[in-house]
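**Student:** dropping the sequence and predicted coords here.
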Amino acid sequence: MGYSLDLKNPKTLNEKINWLKLYNRRDIHTLVADKYRVRDYVIEKIGEKYLIPLLLHTNNPKSLSPENLPNSSFIIKTNHDSSGGLIVKDPKVIDWKDVQKRFSRLLKENHYYSTLEWQYKHIKPHIVVEKLLTTEDGSIPEDYKFHCFNGKLEFIMVDFDRHGELRTRNLYDRNWELLPCKWGRPNGKTLEKPSKLKEMISVVEKLAKDFLYVRVDLYFVKNQIYFGEITFHHASGFQAFYEKECDLKFGEKLNLNLINEN
């Protein structure tokens, strides 16, 4: 990123994310980073209505077959890493033997050893299949990523076309004002403020209040809010801002002195 990593006196947001990887390790991080077990955490904190419908949960890749899955669109992912998963829009055209091999391989991987994100180290690998969320025209919805510092929303990141070739991203404040910062990707299209933004922020802060820094992902589809995932180290602290001053500006707002409280 063009500067040396200072873990003794971290100042930028990316430095502080890397510092947190080493010094902020709690059992609850492992629980909520697990894409299956986090469902119980969500139910406890905000209620079941925000969960994406679960279609299958298994540790056996051979269970990924047409007889165990609906004849509709869904997404297959593992619970123990940060991959985006496999989108299935038409099960009839899928090579299920290939899918089984792919997920058999993924179940043997441990994300911790490539990123040092400790929360992934002790997650028991499973496969999760969820209903695929789509917009009215059948496309994949925008991904709303809420970055929370010290339990409060600091900024919102919206990813466009995240499964396409030209992925773009906007950053907004909590009032939906576009921020003059680009993190990892260029700005995308103008996006109207979600009609349920206030509720989305309330949901996010309830999920984030026990953590020092966390990213809570939501979807807003057909006037319904859905929980996506909880991430403790966005891009593992390895994603550069286009504007270096933004890295420092956001870093100043994250108070690591509160680590004993979170």
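**Tutor:** That came through, no problem. Nothing here was measured: the structure is a model prediction, and the numbers come from that model. Numbering: from 1, shown residues only.

**Student:** buried set for the helix or strand of the chain with the lowest mean pLDDT?
**Tutor:** Here the helix or strand of the chain ranked lowest by mean pLDDT, DSSP states H and E is helix 112-115, holding a mean of 92. Counting neighbours by 16 or more other CB atoms under 10 Å, one finds that the buried residues in helix 112-115 are 112, 115. The way it works is simple: take the backbone N, C-alpha and C, and place the C-beta from them, glycine included.

**Student:** what does it contact?
**Tutor:** 21, 118, 120, 121, 233, 236 (CB atoms under 8 Å, 6 or more residues apart in numbering).

**Student:** and the helix or strand following it, what does it pack against?
**Tutor:** Following helix 112-115 in sequence order, the next helix or strand is strand 127-131 (DSSP states H and E). Using 3 or more CB pairs under 8 Å, 6 or more residues apart in numbering; DSSP states H and E as the contact definition, the elements that strand 127-131 packs against are strand 54-58, strand 74-78.

**Student:** now do the buried residues in strand 127-131.
**Tutor:** Under 16+ other CB under 10 Å, the buried positions of strand 127-131 are 127, 128, 129, 130.

**Student:** got the angle between that strand and strand 74-78?
**Tutor:** Strand 127-131 runs at 160 degrees relative to strand 74-78, counting by axes from the mean of the first three to the mean of the last three CA atoms, to 10 degrees.

**Student:** packing partners of the following helix or strand past strand 127-131?
**Tutor:** Proceeding C-terminally, strand 127-131 gives way to strand 143-149 as the next helix or strand, assigned by DSSP H and E. Under the contact criterion of 3+ CB pairs under 8 Å, 6+ apart, strand 143-149 touches strand 152-160, helix 197-208, strand 213-221.

**Student:** tell me what the last one is packed against?
**Tutor:** Applying 3+ CB pairs under 8 Å, 6+ apart, one finds that strand 213-221 makes contact with helix 13-23, strand 143-149, helix 197-208, strand 224-231.

**Student:** of the ones you listed, which is nearest residue 218?
**Tutor:** strand 143-149 (4.7 Å; CB to CB).

**Student:** how close does the residue lying farthest from the centre of the chain get to residue 91?
**Tutor:** No residue in the chain has its C-alpha farther from the mean C-alpha position than residue 67, which lies at 29.8 Å (CA atoms, centre = their mean). The span separating residue 67 from residue 91 equals 11 Å under the rule CB to CB, to the nearest Å.

**Student:** same check on residue 183?
**Tutor:** Look at residue 183 and residue 91: by CB to CB, they are 36 Å apart.

**Student:** who has more neighbours out of these two?
**Tutor:** residue 183 (23 against 15; other CB atoms under 10 Å).

**Student:** wouldn't residue 14 be in contact with residue 237 here?
**Tutor:** Yes: look at residue 14 against residue 237 with CB atoms under 8 Å: they come within range, at 4.8 Å.
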